[in-house]
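Asker: got a sequence here, can you model it:
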Amino acid sequence: MTAEELFEYVEGRMADGAGDVVIPISGRSMWPFLNPGADRVRLRRCGALRRGDIVLARAYSPEGIFLHRVEAVEAGCVRLKGDNNLRQRELCRPCDVVAVAVAAISRGKERSLVSPLRRRVLPALWRLVLPLKSIVAKSLR
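Answerer: Below is the predicted model:
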């Protein structure tokens, strides 16, 4: 299933009020909090967007479909960023966000993604370490 097909499936389920949808993770942009191939996420229809939420959205800059963290919500614009992305950010409108990730599922165990610890504290600590990861990687080349 392509990203576009998956997005349309989730969008349709959310519009129908069908309840939660579980999808697999692909790509490493949300590592270390979501691991491709190992984790799946439980998506739910979203209400008010909050900084730190992980959302499924169609972005217009750069164009694409992303499961990324909300970095800011300002004047009709939502700025998204993958936890493992040092510089890249995406922009979308609030209406382009179709679902919020409420839980990660790994090896049959489910962990919340909406607690303050997982939504704000751990990502903030990771953002402090992420630039060091880049420096260490460059020095090993």
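Asker: ok, residue 54 to residue 15 distance?
Answerer: In this view, residue 54 and residue 15 are 20 Å apart by Cβ to Cβ, to the nearest Å. (Glycine included, C-beta is placed from N, CA and C.)
Asker: go on, residue 27?
Answerer: Per Cβ to Cβ, residue 27 is found 25 Å from residue 15.
Asker: those two: who's more crowded?
Answerer: The neighbour comparison of residue 27 against residue 15 (other Cβ atoms under 10 Å) goes to residue 27, with 14 against 10.
Asker: in terms of pLDDT, where does the nearest residue to that one once chain neighbours are set aside sit?
Answerer: Leaving aside its chain neighbours, residue 27 sits nearest to residue 36 (5.8 Å; criterion: Cβ to Cβ, 6 or more residues apart in numbering). pLDDT recorded at residue 36 is 90.
Asker: which strands and helices sit next to the lengthiest strand in the chain?
Answerer: If you go by DSSP state E, the chain has its longest strand at strand 63-74. Contact analysis of strand 63-74 by 3 or more Cβ pairs under 8 Å, 6 or more residues apart in numbering; DSSP states H and E lists helix 3-16, strand 54-60, strand 77-81, strand 90-92 as its packing neighbours.
Asker: now distance to residue 130 too, for these, in TSV please.
Answerer: Below are the helices and strands packed on strand 63-74 laid out as TSV (distance: least, Cβ to Cβ, whole Å):
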stretch	distance to residue 130
helix 3-16	24
strand 54-60	16
strand 77-81	10
strand 90-92	17
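Asker: which one of the ones you listed lies nearest to residue 121?
Answerer: For residue 121, the closest of those is strand 54-60, at 14.5 Å, according to Cβ to Cβ.
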